[in-house]
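Participant: Here is the input, now give the coordinates:
(one chain, ligands or ions: 2)
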Amino acid sequence: MARKPAPKPARARAEPVIGSAAVMQLLVSQMQDAYSAETQALEAYPAMLEATTSDSLRKAFEEHAEESKTQVDRLERALGLLDSNPGDTHCQGMQGLIEEAREQLQEHAPGPLLDVVLIAAAQRLEHYEIAGYGTMATLAEDLGEADVAELLEEILDEEKAADKRLSLLADEEINAAALGEDEEEDEDADEAADEEEEEE
Ligand SMILES: [Fe+2]
Ligand SMILES: [Fe+2]
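Facilitator: Ligands and ions are numbered 1, 2, ... in the order given. This next block holds a predicted model:
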């Protein structure tokens, strides 16, 4: 006769953890995760730089890569202010975003369409960072860590600016190039629209 499986021991219900020490620990681990995300992004930039054929996109990537180096320093400083350090956390979210970007890079030959792909990948990265720094800055503020909050907000502003720059580049240059629209045609269309408006 088959033996009945032993009954599972009743699991003690965990008490919810609250309090500033627990929230502080959460903030520190999110900052360590962000540190890992930044260092992974820094390693990914050279491939993106090499892949683009647009001077303005290359410049945007170069400048944000430089900015990212100072963000790594600021995160280190902010962690120091909380008596902590970057630790050895590995951010799997950023790893996934970068892996996906790499795959897509391989699917396209250099040119305007690849530049669209690069912008799409880079903006995903920026939005991931924006979400993280927004949460962290608010947590730091609510914990009364004004200096830490300020450092995180500085980074947040840079991420938002980087994202906006990419949106503008897509809108003003890269998407049109991928669509095969030439600028003169656009100008002609603008002029025609202006003339129409004047006639009215
Ligand atoms: Fe960053
Ligand atoms: Fe960024």
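Participant: residue ranges for the helices of this structure, please.
Facilitator: 20-51, 55-81, 92-106, 112-142, 146-169, 175-179, 183-199 (DSSP state H).
Participant: Including mean pLDDT, could these go into TSV?
Facilitator: Output for the helices of the chain, formatted as TSV (pLDDT from 0 to 100):
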stretch	mean pLDDT
helix 20-51	97
helix 55-81	97
helix 92-106	96
helix 112-142	98
helix 146-169	98
helix 175-179	94
helix 183-199	54
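Participant: This protein against ligand 2: which residues are in contact?
Facilitator: For the chain, the residues in contact with ligand 2 (Cβ under 5 Å from the ion) are 126, 129, 159. For the C-beta atoms, the positions are set from N, CA and C on the backbone; glycine is no exception.
Participant: out of the residues you listed, who's near ligand 1?
Facilitator: residue 129.
Participant: what separates the closest residue to residue 44 other than its chain neighbours from residue 46, distance-wise?
Facilitator: Sequence neighbours aside, residue 98 is the residue nearest to residue 44 in space, at 4.8 Å (criterion: Cβ to Cβ, 6 or more residues apart in numbering). In this view, residue 98 and residue 46 are 12 Å apart by Cβ to Cβ, to the nearest Å.
Participant: Same question for residue 16.
Facilitator: In terms of Cβ to Cβ, residue 16 sits 45 Å off from residue 46.
Participant: more neighbours, the two?
Facilitator: Shown here are residue 16 and residue 46; by other Cβ atoms under 10 Å, residue 46 has more neighbours (11 against 6).
Participant: burial of residue 92, as a residue count?
Facilitator: Residue 92: 12 neighbours (other Cβ under 10 Å).
Participant: again with residue 101
Facilitator: The local packing of residue 101 (other Cβ under 10 Å) involves 20 other residues.
Participant: Likewise for residue 110?
Facilitator: Around residue 110 there are 12 other residues, counting by other Cβ under 10 Å.
Participant: Now do the contacts for residue 169.
Facilitator: 54, 56, 57, 60, 119 (Cβ atoms under 8 Å, 6 or more residues apart in numbering).
Participant: Contact partners for the residue most central in space within the chain?
Facilitator: Against the mean C-alpha coordinate of the chain, by Cα atoms, centre = their mean, the closest residue is residue 126 at 2.4 Å. Applying Cβ under 8 Å, 6+ apart, one finds that residue 126 lies in contact with 159, 160, 162, 163, 166.
Participant: Recalculate using a threshold of 7 Å.
Facilitator: Applying Cβ atoms under 7 Å, 6 or more residues apart in numbering to residue 126 gives the contacts 159, 162, 163, 166.
Participant: and these, which are buried?
Facilitator: Taking 16 or more other Cβ atoms under 10 Å as the criterion, what is buried in those is 159, 162, 163, 166.
Participant: Surely residue 113 is in contact with residue 180?
Facilitator: No: using Cβ atoms under 7 Å, residue 113 makes no contact with residue 180, being 10.2 Å away.
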